[in-house]
Structure formats: C-alpha cells, structure tokens
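**Q** Okay, predicted coordinates and the sequence, questions at the end:
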Amino acid sequence: MRLYSLSVLYKGDPKVHLLKAAYDVSTFNFFQRSSVQEFMTFTSQLIVERSELGSRASVKEQEYLCHVYVRNDGLAGVVIADNEYPQRVCFTLLDKVLDEFSRQVSKIDWPSGSPATISYAALDGYLSKYQVRPP
C-alpha cells in the first residue's frame, strides 16, 4: 500500500491550478521519476477540473486510484495511491490537509497562488506519515 502524491489545488474560474504538492516517486526508476511526477500533476488538475464543487470521488487511472475532494470554496485536494490503500484513510487525510491549509494560507492567495509562492510545508510530512511501510 503506497501513497504517491498529495496535492492542494484551487478550482477557480476558468481553470484549476496547483497551489502545493508533495510526491513520493522513490519506487520508480530514476529516469521515469520526472515524467511520473508530471503525469500525477496533470491527472490531479484534470480530475479537479471535472469535479463539482462540494464533491468527493475516487477515480481509477491506470494502476492508480485518485481520491479527490473539492470543497465548496474551491479549495481541492487530491491523493494518488495504489489500489490497495484504504479509501477512507485518503479522505480523512484530505479533510485534515485542506482544513489546515485553509487556516494557514489566506483565501486571498488561492486564485493567484503557485507552489513557489504558497508557504505551506506540511504536505511532505503528511505524505511520509500516512505512507504504509511493509513490515
């Protein structure tokens, strides 16, 4: 059971943009890592774009499950995990991250923010903490 990506996005008008993301691509071949990361970023944006405000969904994409939660205020989170990772845990993580993010990052910064301008450092920690290590 693995988590590969945890992203916070903003579903604005007319498009969705990434605010902050963390990736764990350590299980992939070194030469594949950047393209896998690009795929995850693109997929996260696409899923949020196609999701309604106030909705939760789990979408299968290739061998991954993408769990998305789009809040009514346009703030969205996406977890990309393998098929075995429990869905309930993913949505608990998304709830926690989006609540914390919205308390720490001003709503004014969401429409114009980018990974370089948003200061929120907790994603890597959450990705690591929720990673299930083999016994």
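**A** Ah, there it is.
**Q** pLDDT score for the most centrally placed residue in the chain?
**A** Of all residues in the chain, the one closest to the mean position by CA atoms, centre = their mean is Ser7, 2.4 Å from it. Note on Ser7: pLDDT of 98.
**Q** Go ahead and report the secondary structure state at Phe28.
**A** Following DSSP: H, G, I helix; E, B strand; the rest coil, we place Phe28 in the coil state.
**Q** Quickly note the distance from it to Glu100.
**A** 28 Å (CB to CB, to the nearest Å). (Glycine included, C-beta is placed from N, CA and C.)
**Q** Thr27 now?
**A** 27 Å.
**Q** do Tyr4 as well
**A** In terms of CB to CB, Tyr4 sits 21 Å off from Glu100.
**Q** Repeat that for Trp110.
**A** Counting by CB to CB, the gap from Trp110 to Glu100 is 14 Å.
**Q** out of these two, which sits in the more crowded spot?
**A** Trp110 (21 against 15; other CB atoms under 10 Å).
**Q** Now that one: closest residue in space, sequence neighbours ignored.
**A** Tyr10 (4.5 Å; CB to CB, 6 or more residues apart in numbering).
**Q** Number of residues surrounding that neighbour?
**A** Tyr10 - counted by other CB under 10 Å - has 22 other residues nearby.
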